[in-house]
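Student: Quick one: sequence plus predicted model below, questions after.
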Protein chains: 2
Amino acid sequence: MYIKKQRLLTPGPTPLLPAALHAMMGSDIHHRTEDFRTLYKGVLADLKEVLGTANDVLILVASGTGGLEASIQNFFSPGDELLICTAGKFGERWIELAKAFGMPATILKAEYGNAVSPQQVEEALAANPNFKGVFVQASETSTGTQHDVKAMGAAVKKTDALFIVDAITGVGTMPLDIDGWGLDVVIGGSQKAFMIPPGLAFVAVSGKAWARADVATAPRCYFDLKRERKNAAGGESAWTPNTSLLLALAEALRYIKALGMDNLIANAQMLAEATREAMKALGLQLFSSSPGSSVTAVRAPKGMDSGVIIKEFRNRFNAIITNGQGSMKGQIFRLAHLGYFDFHDLFAVVAELEIILAGQGLPVRFGSGVAAVQNVYAEAALAKEAVLTR
Amino acid sequence: MYIKKQRLLTPGPTPLLPAALHAMMGSDIHHRTEDFRTLYKGVLADLKEVLGTANDVLILVASGTGGLEASIQNFFSPGDELLICTAGKFGERWIELAKAFGMPATILKAEYGNAVSPQQVEEALAANPNFKGVFVQASETSTGTQHDVKAMGAAVKKTDALFIVDAITGVGTMPLDIDGWGLDVVIGGSQKAFMIPPGLAFVAVSGKAWARADVATAPRCYFDLKRERKNAAGGESAWTPNTSLLLALAEALRYIKALGMDNLIANAQMLAEATREAMKALGLQLFSSSPGSSVTAVRAPKGMDSGVIIKEFRNRFNAIITNGQGSMKGQIFRLAHLGYFDFHDLFAVVAELEIILAGQGLPVRFGSGVAAVQNVYAEAALAKEAVLTR
């Protein structure tokens, strides 16, 4: 039995920023005090800054799905016609929510591994002027697929429909010009590129969306965003907040601001690129035809269940990576890049993957995938980059 | 600017066990209560168990050097003749201590990178029957050199001299049969293979040594080991203890016991072997003719200051490795293996070293050093090993 440090290398929860984790120990504050209000106002301001939006940004004590539900409850009414883009497991969640709240949905479905195109959205909107909202994942985590939300936003902007973007793994891994691209409601989650544990959802709301909140009749109480907005203005939350995660978030936002949101995105993009090069060097196929930078989905070698790779990562190295979800289970494995990941992680993960594949009898030359990552690093001339300590 | 996680890859402080770090948050206990006594007794019992000795083991609030000083103060008197083996910076510390306490020392000096042989010790003891103590480093951290303390102990055992072993980086990286080999006083430190921060020294004391404590006249008060022994029997420390580090230590000892001390040692030995193979693959020379498993000292390539490598590790990867000390500074760099290190760490470190060397114009084939590490891993068939989670 040798030392195998547990390493969380999944697309959420993601690796934790140590300083954020340690900050959670300051949780002995009460949420109806000036100390808390200072913390909350600071976090809300920093969130707006890193999201780069003038829209209101609110925090919910919920996982990301709670943020999705809030975006249905607050801006739509039973009977509203919705246009839902789905390219995987998380797109399907939109369909479930629409059904639960009695809103008829038209589905633009891409096969797993493909993306819905902006043209499809444009055509659907032209065919039916009654759509009240268009729903999409900026980054579909289950397949590692990225959507062109900029072009989709341009199409939706011309209509009365709201554009609702699940950017839970999109924030911090791809450029998102919330205000410029007309992203009316954008949902994020704490356990993704924000580098802290699960438990908080973020919702950015445009003026166009707020106007709709005044007439929307879907039932809501806990996720009442107008109520949250009113309380947030005074530095408080409508209900009891998750104090420990807010302390962690304050620390993580300080880190992200020091790093720069653009750099956080570039970091994920570069690791994704290096991962794609390594997979190519190892003769493996990518799953997505439109790969994003939050997570890279890779097809298991022919005849091999991808679960073997997941298990071997855990057994041999105590590293936790993810399988495919739903019908993709056994077909793919997914390597994450969102948030607190660096080249050091990737060098090791690729070296480990090589060992696992060789152990399964594949003809792998040790170091060949690692070399592909090293080449991406070297070509990017990262040596000149400053160090952001801790 | 990209994400570069800070990684402490030095031979002390070593990487921290997360569970031990988190346990420090329970520090709100008082040290003259039953809660503390339970903690302290448990830690002392576990320390004895992992050190594999029936001798008394005591804990001092001090760095390792405090433990060395205690071993001079408690068992010797001014004017006592000491035989000191020195093979580097830490051997020289024995000389400094002997001088400070007025004890004339005979020096067995090995050039940096070499070890003092057991034969030298045996001959010196035969030539002078007046030696009251023999001093050595089990592992000389400054040069990555290991001493044969088993053979030395056999020679000392035949005399009245005490055998005082600085095992600060020896514990957990090499077999040490304290009782069987006649290691009368053994010193350890918290920030080494024990995986917790600096601040505690450990001293194991044999019956032969305790008999000498009764007649030793060197001045002592804070490091009075008899006083510590008396208090420890009641579950307390003589002076105010370092509560937070004891909480961390309790957690680390739990981990080490679950892993097995033999496995902790085998882990360091295997990483050291893989490191040596990687250096060979990269055309680099080891510094020590008697390399140990706590740290591997590597000569910088011809014409290069090793400080460049240390700086590049920090600037490019935010990884902290160590230079040579004293006159070895600039000549060598040192890669640590003691405590909470695993193959994942080593895959990445070697990939990074390859990039650094290539950046300095050396003809390095990317992945070739990593492959050497992968081969050591694969040959050891570590796949069959169980995972010790967290």
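Tutor: Perfect, thanks for sending it.

Student: Quickly note the distance from the residue of chain A found nearest chain B to B:L286.
Tutor: When scored by Cβ to the nearest Cβ, chain A has A:G367 as its residue closest to chain B, at 2.6 Å. (Glycine included, C-beta is placed from N, CA and C.) A:G367 sits 21 Å away from B:L286, going by Cβ to Cβ, to the nearest Å.

Student: ok, now A:L286?
Tutor: As for A:L286, its distance to B:L286 is 41 Å (criterion: Cβ to Cβ).

Student: cool, A:G260 as well?
Tutor: Where B:L286 is concerned, A:G260 sits at a distance of 42 Å (Cβ to Cβ).

Student: Chain neighbours aside, what residue packs nearest to the most centrally placed residue in chain A?
Tutor: What sits nearest the mean C-alpha location of chain A, by Cα atoms, centre = their mean, is A:T169, with 0.8 Å. Excluding its sequence neighbours, the residue lying closest to A:T169 (Cβ to Cβ, 6 or more residues apart in numbering or on different chains) is A:S294, at 3.9 Å.

Student: Show the subsequent helix or strand relative to the biggest helix by length in chain A.
Tutor: The residue-count maximum for a helix in chain A (DSSP state H) belongs to helix A:261-281. Using DSSP states H and E, the helix or strand that follows helix A:261-281 in sequence is strand A:295-299.

Student: looking only at pLDDT, what's the mean for that following strand?
Tutor: The predicted model assigns strand A:295-299 a mean pLDDT of 98.

Student: neighbour count winner among A:G367 and B:L286?
Tutor: Per other Cβ atoms under 10 Å in any protein chain shown, whichever of A:G367 and B:L286 has more neighbours is A:G367, with 29 against 17.

Student: So chain A: which segments form each domain?
Tutor: Per the record, chain A has its domains at A:7-13+A:261-384, A:19-258, by automatic domain parsing.

Student: Tell me how far A:S306 lies from A:G324.
Tutor: Going from A:S306 to A:G324 by Cβ to Cβ gives 6 Å.

Student: can you list residues touching both of the two?
Tutor: A:G330, A:Q331, A:I332, A:F333 (Cβ atoms under 8 Å, 6 or more residues apart in numbering or on different chains).

Student: Please work out which residues outside stretch A:226-238 touch it.
Tutor: A:31-32, A:36-38, A:40-41, A:44, A:56, A:58-61, A:74, A:205, A:210, A:213, A:224.

Student: Can you tell me the closest non-neighbouring residue to A:Q374?
Tutor: Nearest residue to A:Q374, sequence neighbours excluded (Cβ to Cβ, 6+ apart): B:F366, at 4.2 Å.

Student: ok, now A:S290?
Tutor: In space, and not counting its chain neighbours, A:S290 is closest to A:A115: 4.0 Å by Cβ to Cβ, 6+ apart.

Student: Which parts of chain A are strands?
Tutor: For chain A, the strands defined by DSSP state E cover A:7-8, A:56-61, A:81-86, A:105-109, A:131-137, A:139-140, A:145-146, A:162-166, A:185-189, A:200-205, A:295-299, A:319-320, A:322-323, A:332-336.

Student: one step back: how deep is the residue nearest to A:S290 tucked in, by neighbour count?
Tutor: Using other Cβ under 10 Å, A:A115 has 24 neighbouring residues.

Student: Hmm, A:S289 and it touching each other?
Tutor: Yes. If you go by Cβ atoms under 8 Å, A:A115 and A:S289 touch, sitting 7.2 Å apart.

Student: joint contacts of these two?
Tutor: Residues touching both A:A115 and A:S289 (Cβ under 8 Å, 6+ apart) are A:T145.

Student: give me the beta-bridge partners of the closest residue to A:G67 other than its chain neighbours?
Tutor: Excluding the flanking residues, the one nearest A:G67 by Cβ to Cβ, 6+ apart is A:A201, at 3.3 Å. Taking DSSP bridges as the rule, A:A201 bridges to A:L60, A:G189.

Student: A:A201 touches A:A70, doesn't it?
Tutor: Yes. Between A:A201 and A:A70 there is a contact at 7.4 Å, judged by Cβ under 8 Å.

Student: anything in contact with each of the two?
Tutor: With Cβ under 8 Å, 6+ apart as the test, A:A201 and A:A70 both reach A:L60, A:A62, A:I187.

Student: Count the residues that sit near the first one.
Tutor: Put plainly, it is A:L60. Neighbours of A:L60 under the rule other Cβ under 10 Å: 26.

Student: correct me, but it touches A:V203?
Tutor: Yes. The pair A:L60 and A:V203 qualifies as a contact (Cβ under 8 Å) at a distance of 6.6 Å.

Student: residues shared between the contacts of the two?
Tutor: With Cβ under 8 Å, 6+ apart as the test, A:L60 and A:V203 both reach A:G67, A:A70.

Student: just to revisit the earlier point, now do the same contact list for the residue nearest to A:T169.
Tutor: With contact taken as Cβ under 8 Å, 6+ apart, A:S294 is in contact with A:11, A:139, A:141, A:144, A:146, A:169-170, A:173-174, A:192-193, A:268, A:272, A:336-338.

Student: for A:A216, same thing?
Tutor: Residues in contact with A:A216, defined by Cβ under 8 Å, 6+ apart, are A:Q73, A:N74, A:F75, A:F76, A:S77.

Student: now do 10 Å
Tutor: Neighbour list for A:A216: A:I72, A:Q73, A:N74, A:F75, A:F76, A:S77, A:P78, A:D80, A:K132, A:A209, A:K226 [criterion: Cβ atoms under 10 Å, 6 or more residues apart in numbering or on different chains].

Student: Could you single out the nearest of those residues to B:A380?
Tutor: Distances from B:A380 to those, taken as Cβ to Cβ, are shortest for A:I72 (53.9 Å).

Student: Show the pLDDT at that closest one.
Tutor: pLDDT, read off for A:I72, is 98.

Student: Name the nearest residue to it, sequence neighbours excluded.
Tutor: A:L97 (4.9 Å).

Student: pLDDT score for the one you found?
Tutor: 98.

Student: how many other residues sit next to it?
Tutor: Look at A:L97: counted by other Cβ under 10 Å, it has 21 neighbours.

Student: Pretty sure it sits against A:L68.
Tutor: Yes. Using Cβ atoms under 10 Å as the test, A:L97 is close enough to A:L68 to be in contact (6.0 Å).

Student: Can you pull the residues that touch both of the two?
Tutor: Taking Cβ under 10 Å, 6+ apart as the contact rule, A:L97 and A:L68 both touch A:F135.

Student: So among the contacts of stretch A:226-238, which ones count as buried?
Tutor: A:31, A:36, A:40, A:44, A:56, A:58-61, A:74, A:205, A:210, A:213, A:224 (16 or more other Cβ atoms under 10 Å in any protein chain shown).
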